[in-house]
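Trainee: any chance you could fold what I've pasted below:
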Amino acid sequence: MSNKSIRAIDAVQEAEKIAFAPFVFQAVVALRKLGIFELIFKYRKKSGISLENISKELQLSVYGVGVLLEIAESYNILNKDEKDCFELTKTGYYLAFDRTVDVNINFTQDVCYKGLFHLTEAIETGKPAGLKELGDWETIYQGLSVLPKNIQKAWFEFDHHYSDDVFQEALEFVFSNNPKTVYDVGANTGKFAISGSKYSDSVSIKMIDLPGQLQIALKNVELAGFKDRVTHHKIDWLSENPELPFGADTIWMSQFLDCFSEDEILVILKACAKALTDSGEVLIMETFTDRQRFDNAKFILEATSLYFTVMANGNSKMYPSTVLMKLIDQAGLKLIEDRPIGEYHTIFACKKK
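Mentor: Numbers count the residues shown, from 1 in each chain. Next up, the predicted model:
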């Protein structure tokens, strides 16, 4: 988008908004946590509510509430009428009640915010320099199983939110050829293994992940009653020459490859190709940056790339589809189907050449 025609005064205003964006973000977090947004919304049919009444109802100081309301009004999050009563704008409403915005705010605040301070260092070193704010690991995936509950909750809700809406459609695609053995690479919490076991009475699913993650996934699988039909294989994809056991009819990877660099993805895809039966297929579901209808979706993906840079591993990102196509070919696989799934996702179905 070109901004060559923007007036200087408007450009300065946009620049200042960026300069103070962290202040606004933390003000929004406070407005949500303190119940101020919710209280203002409660008075939407009563022409809003005054600063003094917000302070009284929530037992907060007029000063404290006041500084939050002032910045929110300046940022078009709240409106103040001639009687000095406040109401939510449309932007304020979405900040308070939209599920996607809620997930994104919690992920930014609980998982990423402190670590983002180290973004420059991450760019310089190629390491997730901000991860030290959460723990002492080489990548965030090694620490997921032991993160504090609120951080773990924010991470998993962010991860699952962008796949939940397409999960059923994806399952139908995975099982369209009636595979008998499915490898779930990047098993996470075991959600796919459980859903796949419910979907097909005959399938055998093998969860592939780090030992810490498998502990969580195996517990969930056992609680769901599928312990006898779901097996597992421990793997560290960053170790030397990682391998999968042979015999997969289908290898499923959902929002997994974006957690690795291009060189690491190539290693993974080559290992998958070796593990496939002759008629087997690799199914890759991703949210590609060049497949988004709306600029907002592309923006979210590009922001997520910075999470990978500073918090996750220091060398991965949300990729355009062309990068995965190139790596699929280099791994000895061929793309046989390119299927849009839902609003944001794409599934690549691949077979051995």
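Trainee: from now on I want contacts and neighbour counts done on CA atoms only, so please keep to that.
Mentor: OK.
Trainee: show me what counts as buried in the one helix or strand residue 52 maps to.
Mentor: Using DSSP states H and E, the element containing residue 52 is helix 51-58. Using 16 or more other Cα atoms under 10 Å as the test for burial, helix 51-58 gives 51-52, 54-55.
Trainee: can I get the residues you listed in CSV including pLDDT?
Mentor: Below are these laid out as CSV (pLDDT from 0 to 100):
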residue, pLDDT
51, 98
52, 97
54, 98
55, 98
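Trainee: of the residues you listed, closest to residue 347?
Mentor: Nearest to residue 347 among the buried residues of helix 51-58 is residue 54, at 48.8 Å by Cα to Cα.
Trainee: distance of that closest one from residue 348?
Mentor: Residue 54 is 52 Å from residue 348, where distance means Cα to Cα, to the nearest Å.
Trainee: for the buried residues of helix 51-58, give me a markdown table that also has distance to residue 161.
Mentor: Listed next are the buried residues of helix 51-58 as a markdown table, based on distance: Cα to Cα, whole Å:
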| residue | distance to residue 161 |
| --- | --- |
| 51 | 35 |
| 52 | 38 |
| 54 | 33 |
| 55 | 34 |
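Trainee: what packs against the helix or strand encompassing residue 93?
Mentor: Secondary structure assigned from DSSP H and E places residue 93 in helix 90-97. On a contact count with 3 or more Cα pairs under 8 Å, 6 or more residues apart in numbering; DSSP states H and E, helix 90-97 meets helix 36-42, helix 99-106.
Trainee: state the mean pLDDT of stretch 178-185.
Mentor: Regarding stretch 178-185, the rounded mean pLDDT is 96.
Trainee: likewise stretch 235-252?
Mentor: So the average pLDDT for stretch 235-252 ends up being 96.
Trainee: any buried residues in it, and which?
Mentor: Per 16+ other Cα under 10 Å, stretch 235-252 contains these buried residues: 235, 237, 243-244, 247-252.
Trainee: rewinding a little: which one among the buried residues of helix 51-58 gets closest to residue 282?
Mentor: Residue 282 lies nearest to residue 54 out of the buried residues of helix 51-58, by Cα to Cα, at 55.7 Å.
Trainee: gap between that closest one and residue 294?
Mentor: Distance of residue 54 to residue 294, given as Cα to Cα: 37 Å.
Trainee: got it, and residue 249?
Mentor: 35 Å.
Trainee: cool, residue 157 as well?
Mentor: Taken as Cα to Cα, the span from residue 157 to residue 294 is 22 Å.
Trainee: thanks a lot, catch you later.
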